[in-house]
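Q: A structural model of the following input is requested.
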Amino acid sequence: MVKKGIISYLLLIGLLVGCSASVEEVIEETKQTTAQTFEAEPMEPNQTESTFSYFLPSDMKEETVEENNLILQQGEQLFILFVNPNEEQNSEELYKSTVLESENDLLNETFKDEERFGYVKVESVEEDSYQLSIGIGGVKMTTVTELKKVKDNAEQMMQIVSSVKY
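A: Numbering: from 1, shown residues only. Model prediction:
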């Protein structure tokens, strides 16, 4: 009877581990999704602030608005959107300062086209907690998220960052 319980338990653990995506798989999917979103046509802005406009998904809301910083909320998750209108879309300055702060990068990928420089950075901050940073030129968006949300958050964040006009 005890053997059946142990075997059942091990099978259950095996199924759970087999069904969940590994960190490496999520990172690779995030890299591909972010690159595709960077290359896609930007979303049209639907929000206007004093110095810039941007696309805000319908399931997000503005929590705090300051001149060049917004705190956005989606459910319980917070996102920080920073906009430096003095930096061009092809500027690498914000990226360079972001990389200097890095310690536990799982992903640090850059993208370029004729007019823009973009990046995605994923850093492990604690168990199943990841800091995700997405940027284009002088625009950067950051959140802390769990592994299962990294890819979807990255796609949505790149849509927002790509849409910023100043």
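Q: and the helices in the protein?
A: For the chain, applying DSSP state H gives helices covering 2-19, 23-39, 93-100, 150-163.
Q: could you tell me the least trusted of the ones you listed?
A: Among these, helix 2-19 has the lowest mean pLDDT, at a mean of 47.
Q: who does the strand ranked longest in the chain touch, helix- and strand-wise?
A: The longest strand of the chain (DSSP state E) is strand 117-126. Contact here means 3 or more CB pairs under 8 Å, 6 or more residues apart in numbering; DSSP states H and E; on that basis strand 117-126 packs against helix 23-39, helix 93-100, strand 105-112, strand 129-136, helix 150-163. Any C-beta I mention is one placed from the backbone N, CA and C, and that applies to glycine too.
Q: among the ones you listed, which comes closest to L81?
A: helix 150-163 (6.7 Å; CB to CB).
Q: starting at the chain centroid, how far to that closest one?
A: Averaging C-alpha positions (CA atoms, centre = their mean, to the nearest Å) puts helix 150-163 6 Å from its chain's average.
Q: quick one: buried residues of it?
A: Under the neighbour-count criterion of 16 or more other CB atoms under 10 Å, helix 150-163 has 150-151, 153-163 buried.
Q: show me which of those is closest to G137.
A: Nearest to G137 among these: V161, at 9.1 Å, using CB to CB.
Q: am I right that that closest one is in contact with L132?
A: No: V161 lies out of contact with L132 (CB atoms under 8 Å); the separation is 11.6 Å.
Q: Q159 versus the residue nearest to E49 when sequence neighbours are not counted, what's the distance?
A: With sequence-adjacent residues excluded and distances taken as CB to CB, 6 or more residues apart in numbering, E49 is closest to V65, at 6.5 Å. V65 is 20 Å from Q159, where distance means CB to CB, to the nearest Å.
Q: what do you get for T110?
A: Counting by CB to CB, the separation of T110 from Q159 is 18 Å.
Q: what's near enough to touch E92?
A: E92 is in contact with F117, counting by CB atoms under 8 Å, 6 or more residues apart in numbering.
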